[in-house]
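Colleague: Kindly return the folded structure for what I paste below:
(chains A and B, ligands or ions: 2)
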Protein chains: 2
Amino acid sequence: MFLVRSVSRTPVLRAPRRWAHSFPQLNSVTEHDLDYFRKILPPSAIITTLPPNPSPESELEPFNNDWMNKYHGKSTTVLKPRTTKEVSDIVKWCNDRHIGIVPQGGNTGLVGGSVPVKDELIISLANMSKVRSFDDVSGILVADAGCILQSLSDYLAPHNYVFPLDLGAKGSCQIGGNVSTNAGGLRLLRYGSLHGTVLGLEVVLPDGTVLDQLTSLRKDNTGYDLKQLFIGSEGTLGIVTGVSILTAPAPQATNNVMLALPKFENVLPLFKEVKRQLSEILSAFEFIDRRVYDLAIKHGQGRALDAEETEGAECFVLVETSGGNREHDEQKLNSLLESLMEADEPLINTGVLATSPAQFASLWAIREGLTEAVSKEGKPYKYDISVPLQKFQEVVDITREHLRSEGLMREGAVRHVVGYGHVGDGNLHLNVVADAYTPEVEAALEPFVYELVAKYNGSISAEHGIGVMKTHALHYSKNAVSIDWMKKIKQLFDPNGIINPGKVLP
Amino acid sequence: MFLVRSVSRTPVLRAPRRWAHSFPQLNSVTEHDLDYFRKILPPSAIITTLPPNPSPESELEPFNNDWMNKYHGKSTTVLKPRTTKEVSDIVKWCNDRHIGIVPQGGNTGLVGGSVPVKDELIISLANMSKVRSFDDVSGILVADAGCILQSLSDYLAPHNYVFPLDLGAKGSCQIGGNVSTNAGGLRLLRYGSLHGTVLGLEVVLPDGTVLDQLTSLRKDNTGYDLKQLFIGSEGTLGIVTGVSILTAPAPQATNNVMLALPKFENVLPLFKEVKRQLSEILSAFEFIDRRVYDLAIKHGQGRALDAEETEGAECFVLVETSGGNREHDEQKLNSLLESLMEADEPLINTGVLATSPAQFASLWAIREGLTEAVSKEGKPYKYDISVPLQKFQEVVDITREHLRSEGLMREGAVRHVVGYGHVGDGNLHLNVVADAYTPEVEAALEPFVYELVAKYNGSISAEHGIGVMKTHALHYSKNAVSIDWMKKIKQLFDPNGIINPGKVLP
Ligand SMILES: Cc1cc2nc3c(=O)[nH]c(=O)nc-3n(C[C@H](O)[C@H](O)[C@H](O)COP(=O)(O)OP(=O)(O)OC[C@H]3O[C@@H](n4cnc5c(N)ncnc54)[C@H](O)[C@@H]3O)c2cc1C
Ligand SMILES: Cc1cc2nc3c(=O)[nH]c(=O)nc-3n(C[C@H](O)[C@H](O)[C@H](O)COP(=O)(O)OP(=O)(O)OC[C@H]3O[C@@H](n4cnc5c(N)ncnc54)[C@H](O)[C@@H]3O)c2cc1C
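Modeller: Ligands and ions are numbered 1, 2, ... in the order given. Okay, here's the model as predicted:
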């Protein structure tokens, strides 16, 4: 998945996707435009390689290239406005002049949405990073879109609140980017999706109008909830400049336990039992198949269970709890474990309960180290999909069988097909570990995997979005009527097609 | 609030609002239309007063009049389709013929949205009432829009799941109506809003197209989340025919406690402390001011605390917990109470913990009896608003002072101005109890209350929506840009203006 792939999906034709896009209707940024930008922004807020005083190319690089260094834009100019008014003025100008714009947050997106396809103007929100208000009674936080997720978490900690979202990229990603990608992350099972927790947005629309729906009310039924359209639209409908969000009281205790299961069929009954017994304190239920577990061990991502304990285990589950009372939570976990072990037909072979912060960390280390382990083992094709929980193992097995039948499960081609993911959210990370990224393997995987996902009415992108990477595959998850209506919405908001051109829509 | 009010808001002019609307562009249902409807529907699915075989007017009454018996439509025809295809065929026909349509669920809405303004065709979803699927691992339920809320709760109970929504009208309201009004209700604090829990919708658009976004995936980031637009749009953008929703594991224990507070200023520190100590098991935090508490007692809505215990109490708070372990929950509540009572400067005077189901019910009876008590005391003007928690008491007091300064706080005019509500949700029920509904009182209250709400950036409708009742007041909660964009969205989906004309938009 982390490859530039051909439009036609035939392995021989490897013309990079991005050049397939061209926007004859859009203009490049000129010196004339810069004259205007200089009137409204200080010099420090403009980086450009255009004359008369060009910055070195290298200053543009971090903005033109994505986190995976897979997508490469050719923008000449980055603007870093400090206020919503400045964003609005810039966007209005660009709309009048038909200049393409890419809104950019922390640039940690994984589908190429945050970098230009050609030479669009980049508007970075990095200079809009103030907390506007926080109400420590309601837990409602209002912040500039450019606030970095980690800094918001840090801001909330002394108030005894937590951000309802947590993800690996928290040190760089921005709340505006999180909202624009409808990021899921590690706390979704507990706090739900951003569609529920985001209470209000301030958005600069493609014509420069400021749509102020930055309410900080938990309940407001006065007409259409327009802000929802911007959650997950990856910057193609407008630029988010402010976010109002409901944060959650910080849990007082966190525990975890690693369970070894004799067979995959036990995962679902186990999930039900765990939900029943842990109820409101359950905060994660992560599935790890045996193969990827072994890879984690092989590559030194911690060792949770003894070799004999894992003997005969077909898969593992990591359960996390977050609650208001350490003692109660431990009691609940202990009695869960007891009842699991003492059952007539136990669902698990064994379980390890973290009894110290170090053990807690080492259990999570396995789960968090899976991505790294997979990368150490070979070249991973990564699919971030949603399928019904019942199908997790089936998707992995069918994909492996398919590759075998294509003669690709062999040295020199594919080494492993593994799966892990958030059972609680139906989100499976299907990883195909190859010796090298080759057209052969790619052709065997796509559209095969997308078709498999479509067969189960799944999602080809559970979390990461469509960006520029999956526009051609959108139809596997969205029917024609839906795509047609997305296009109408895009046309309504952005008739000139200036905002994040080439992204999301095919 | 439950009065037909004048458009101009001058007390003398009492021309009922509803006649102010007229839709010259829309046609009435004719016998020709009925010929078509008879082709696609069985006779039992059609109720009409039109020739040649007119039903008695009385059969139409339950559909033409709203729950409060305040809004009265003049529809000649109700259709009760059984399938999405039938809904689609009807809507397509009406769109071609420019016939206005009112989608109707349980007809329990409180803002006149569910009955015709003139003689629009009523499409009742009552015959679409099947559960389509339920997955007892993920808790995802897919149901026809016409399923009654109570019946869905009953369906879930043996599976050990609860519906994430509960409200007084549950015996009649339908899930499609709940979604269309973005109903809040009693479990919002615990399970969040429908924008988070609704996973997918099937909607018949105004041109008859079926927009199938009935996914049952918890995570799906493939393009714009169009379904969100229909949540809370009160049937003005399309007819919801199917709903996919995430239900929650049933709590194993529920407890409550009534607290008496010496002064309103303590409510907020108390809320913080309660959130901190009860954390994830807190499921309700209801504010009751002294005056409305006394009304509840006066009108026999249970007696929670002894007279001496309530002495000096300025207000009350009802706290409810729902959790996975009765013992743990009781321990948490007990230690909360202890710490509250033993504090150096206690936030509460006293507290009563329900120790039996009967006591539990009697505590809730007070809260639930407030509406009835207020109605027994006089004619209530009811405002369902959101304001910052800090302003709850202020809004009540300022309104009372205003009425006093207008000379209306007297026998023969206004008796009480009281407040109660969901502190957890920022939702205040401001009730002005008058001796009679009079133009004088009304003129003193409106737009006064709306302006007050606007001053605090509040919502003039926290839960109930806009319907036909508050279209003229929408601008107090939504700015011009927002209203303008709502109109554009309406125009995009419903260019002929056939779906629920006269509702939501001014
Ligand atoms: C190590 C790592 C771990 C990750 N883990 C997760 C995870 O657990 N769950 C998950 O869901 N995702 C995850 N992601 C991907 C995720 O999309 C991003 O990390 C994050 O949400 C994007 O935020 P950003 O500020 O970096 O946005 P960017 O990458 O800058 O932009 C992402 C998209 O949003 C648009 N955008 C950004 N800011 C704005 C704005 N203010 N207004 C309008 N549009 C804007 C961009 O145009 C682009 O289309 C991970 C990424 C990395 C690198
Ligand atoms: C006793 C009582 C208590 C209540 N308590 C609460 C509460 O706690 N919280 C709260 O939020 N509300 C409450 N309400 C109001 C609430 O709006 C409704 O009870 C409920 O959500 C409406 O559902 P319904 O099926 O009756 O819809 P209806 O009244 O039939 O319709 C309401 C609106 O939705 C539209 N609509 C209905 N069905 C569809 C459909 N399938 N597709 C498209 N549009 C449709 C209608 O056109 C109308 O505009 C209460 C009402 C009563 C009478």
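Colleague: where does A:Ala443 land in three-state SS?
Modeller: helix (DSSP: H, G, I helix; E, B strand; the rest coil).
Colleague: Quick one: end-to-end distance for stretch A:34-50.
Modeller: The separation between the terminal residues of stretch A:34-50, taken as CA to CA, to the nearest Å, is 9 Å.
Colleague: residues in the stretch 51-200 of chain A within reach of ligand 1, list them.
Modeller: By the criterion of CB under 6 Å from any ligand atom, the positions of the stretch 51-200 of chain A lying close to ligand 1 are A:67, A:102-110, A:113-114, A:125, A:145, A:167-169, A:173-174, A:176-178, A:180-181, A:183-185. Using the backbone N, CA and C atoms, a C-beta is placed for each residue, glycine as well.
Colleague: Quick check: nearest residue in space to whatever residue of the stretch 251-400 of chain A ends up closest to ligand 2, chain neighbours excluded?
Modeller: Closest residue of the stretch 251-400 of chain A to ligand 2, CB to the nearest ligand atom: A:Glu280 (22.1 Å). Counting by CB to CB, 6 or more residues apart in numbering or on different chains, A:Glu280 lies nearest to B:Glu280, which is 4.4 Å off, once chain neighbours are set aside.
Colleague: Please report how far A:His475 lies from B:Leu229.
Modeller: Going from A:His475 to B:Leu229 by CB to CB, to the nearest Å gives 21 Å.
Colleague: So between these two, which is more surrounded?
Modeller: Just comparing A:His475 and B:Leu229: by other CB atoms under 10 Å in any protein chain shown the higher neighbour count belongs to B:Leu229, 23 against 16.
Colleague: Who are the contact partners of that one?
Modeller: B:Leu229 makes contact with A:Tyr224, A:Asp225, A:Gln228, A:Leu229, B:Leu237, B:Ile489 under the criterion CB atoms under 8 Å, 6 or more residues apart in numbering or on different chains.
Colleague: A:His98: what's its closest spatial neighbour, skipping adjacent residues?
Modeller: In this structure, A:His98 finds its nearest non-sequential neighbour in A:Asn27, 5.1 Å apart by CB to CB, 6+ apart.
Colleague: List, one by one, the residues from chain A near ligand 1.
Modeller: Proximity of chain A to ligand 1 is confined to A:67, A:102-110, A:113-114, A:125, A:145, A:167-169, A:173-174, A:176-178, A:180-181, A:183-185, A:234-235, A:239-240, A:463-464, A:467, A:500, A:503 under the rule CB under 6 Å from any ligand atom.
Colleague: would you say the residue nearest to A:Glu280 is within a strand?
Modeller: No: under the criterion used here (three-state DSSP), B:Glu280 is helix, not part of a strand.
Colleague: Neighbours of it, how many?
Modeller: If we define neighbours as other CB under 10 Å, then B:Glu280 has 26 of them.
Colleague: Same check on the one 5 residues further on?
Modeller: Here the count is done by other CB under 10 Å, and B:Phe285 has 22 residues near it.
Colleague: Quick one: mean pLDDT for the host helix or strand of it?
Modeller: Taking DSSP states H and E as the definition, B:Phe285 sits inside strand B:282-289. In this model, strand B:282-289 has an average pLDDT of 93.
Colleague: Now do it: which elements does it pack against?
Modeller: Of the remaining helices and strands, those touching strand B:282-289 by 3 or more CB pairs under 8 Å, 6 or more residues apart in numbering or on different chains; DSSP states H and E are helix B:188-191, helix B:267-278, strand B:315-323, helix B:357-377, helix B:392-405, strand B:414-422.
Colleague: Between the ones you listed, which one is closest to A:Asn256.
Modeller: strand B:315-323 (20.1 Å; CB to CB).
Colleague: The closest one - which strands sit beside it in the sheet, and in what orientation?
Modeller: For strand B:315-323, the pairing partners within the sheet under DSSP bridges are strand B:253-261 (antiparallel), strand B:282-289 (antiparallel).
Colleague: what sits against whichever residue of chain A sits closest to chain B?
Modeller: Ranking the residues of chain A by distance to chain B (CB to the nearest CB) places A:Gly196 first, at 2.1 Å. For A:Gly196, the residues meeting the contact criterion (CB under 8 Å, 6+ apart) are B:Gly192, B:Ser193, B:His195, B:Gly196, B:Thr197.
Colleague: Count residues in the vicinity of the last one, would you?
Modeller: A total of 23 residues lie near B:Thr197 under the criterion other CB under 10 Å.
Colleague: Can you mark which positions in stretch A:217-234 are buried?
Modeller: When burial is assessed from 16 or more other CB atoms under 10 Å in any protein chain shown, stretch A:217-234 yields the following buried residues: A:217-234.
Colleague: sorry, that was for stretch A:490-504
Modeller: A:Lys490, A:Phe493, A:Asp494, A:Asn496, A:Gly497, A:Ile498, A:Ile499, A:Asn500, A:Pro501, A:Gly502, A:Lys503, A:Val504.
Colleague: which residues touch A:Asn496?
Modeller: A:Asn496 makes contacts with A:Gln25, A:Asn95, A:His98, A:Pro206, as judged by CB under 8 Å, 6+ apart.
Colleague: can you pull out the strands in the stretch 151-300 of chain A?
Modeller: Under the criterion DSSP state E, counting those that start in this stretch, the stretch 151-300 of chain A contains strands at A:161-162, A:198-204, A:210-213, A:239-246, A:248-249, A:253-261, A:282-289.
Colleague: would CSV of the ones you listed with distance to A:Lys391 be doable?
Modeller: Output for those, formatted as CSV (distance: least, CB to CB, whole Å):
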stretch, distance to A:Lys391
strand A:161-162, 32
strand A:198-204, 30
strand A:210-213, 38
strand A:239-246, 33
strand A:248-249, 31
strand A:253-261, 17
strand A:282-289, 12
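Colleague: Mind putting those into TSV with distance to ligand 2?
Modeller: Converted to TSV, the strands of the stretch 151-300 of chain A look like this (distance: least, CB to the nearest ligand atom, whole Å):
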stretch	distance to ligand 2
strand A:161-162	26
strand A:198-204	17
strand A:210-213	20
strand A:239-246	18
strand A:248-249	23
strand A:253-261	33
strand A:282-289	28
